[in-house]
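J.: Need the 3D shape of this:
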Amino acid sequence: MRKFIGLFTFLLLLNIFTFKASAVDTALSVAPAILESVTISGKKNLTKIIIINNTNFPLPIKGQVSTFLSNTSLPKTQSDTYNAASWFTLEPSDFILQPQEKKEIAVTIVPPKKSEPGGHYATIYFQPLIPADIVSKESTTSLARVGVLAFLVVPGDIKEGLEIISLAAPIWQTFGPLNFDFSLKNTGNIHLLPTGEIEIKNILDQVVKTIPLEPSAIIPGTTTEQSLMWDKQLLFGRFSTTLKINYGTNHDPLISKPIYIWIIPWPIILVIIVLLTLIYKIFILNFSRLKLAFKVLIGKDDKS
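T.: Below you'll find the model as predicted:
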């Protein structure tokens, strides 16, 4: 009851006073943004997270741990295998941060005794417990929750595997830019951070452009999709496109089958054809008439 009255009084004071928040993107910041750890089954692992209140007013905070895979379409058995949310304990999990205060949160990680080898994942969230409309409208502060991504690895039979599911682009276009869509699936039991590029060659098999992949982590059993673009506008001819990737601790190579694209800027070609036709009619077909007329003029000049 006392906690309820205290929180009610705190929110009431926020309504009475107009706080001038400092010009920051978010009210809270955390470090580290990514938590990586090798965890032994059944053994306690201790680490810490630093959370900072960037505003000039107190913030009640609630910490919680949820699955890292909440937005993926995995079967429940796989989701349960890779979900490590239940392994975490935060101390404290609920607290009040004073203006500009920096607080250390103790994080305890205890994997179950029979945890499967490979990667396990979770997200640690810290949520301000203040409705956004309470803060002054002039404030640029966002009261959105902040999170820490947790990448845990249980030693054992680690399997790294990646497949190129698809690489797609239009078969033909009139002008650029060219858009490429591709998808990659992690078939192993640990997260991967693949690197690579899309390689584009012309009809002479010469490399004319390479587009690097955007960095992203792929969780086991999930598929990631990316879209890349070659922003050149004026192109002509046939181009071949290949996706080249390296992944895993040994930088294993992975190369897709090439796809072919035809770029035919027909409006420009049509204009050129019309111009050439006009030139042909004016100067080629009428050349004999112009020549005869020129001779007549020369002849008249001679008689005079």
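
J.: can we go C-alpha only for contacts and neighbour counts from here?
T.: Noted.

J.: and residue 270, how many residues sit next to it?
T.: Other residues lying near residue 270 total 11 when counted by other CA atoms under 10 Å.

J.: Validate this expectation: it resides in a helix.
T.: Yes - when DSSP: H, G, I helix; E, B strand; the rest coil is applied, residue 270 is found to be in a helix.

J.: from the chain's centre, how far out does stretch 190-208 sit?
T.: Mean-position distance between stretch 190-208 and its chain equals 18 Å (CA atoms, centre = their mean, to the nearest Å).

J.: Please name the residues that touch the closest residue to residue 170 other than its chain neighbours.
T.: Among residues not flanking residue 170 along the chain, residue 261 sits closest, at 6.5 Å (CA to CA, 6 or more residues apart in numbering). Neighbour list for residue 261: 169-173, 238-241 [criterion: CA atoms under 8 Å, 6 or more residues apart in numbering].

J.: For the stretch 201-304 of the chain, which segments count as strands?
T.: Ranges of strands within the stretch 201-304 of the chain are 207-212, 223-230, 237-247, 252-255, 259-263, based on DSSP state E, counting those that start in this stretch.

J.: Let's have the ones you listed in CSV, adding distance to residue 115.
T.: Formatted as CSV, those follow (distance: least, CA to CA, whole Å):
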stretch, distance to residue 115
strand 207-212, 36
strand 223-230, 23
strand 237-247, 25
strand 252-255, 27
strand 259-263, 42
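
J.: Out of the ones you listed, the one nearest residue 90 is which?
T.: strand 223-230 (30.5 Å; CA to CA).

J.: Buried residues, the closest one. List them.
T.: For strand 223-230, the neighbour count (16 or more other CA atoms under 10 Å) marks 223, 228 as buried.

J.: next one: stretch 260-270
T.: Quick answer for stretch 260-270 (16+ other CA under 10 Å): 260-265.

J.: do stretch 164-177 as well
T.: Neighbour-count burial for stretch 164-177 flags 164, 167, 169, 173-176 (criterion: 16+ other CA under 10 Å).
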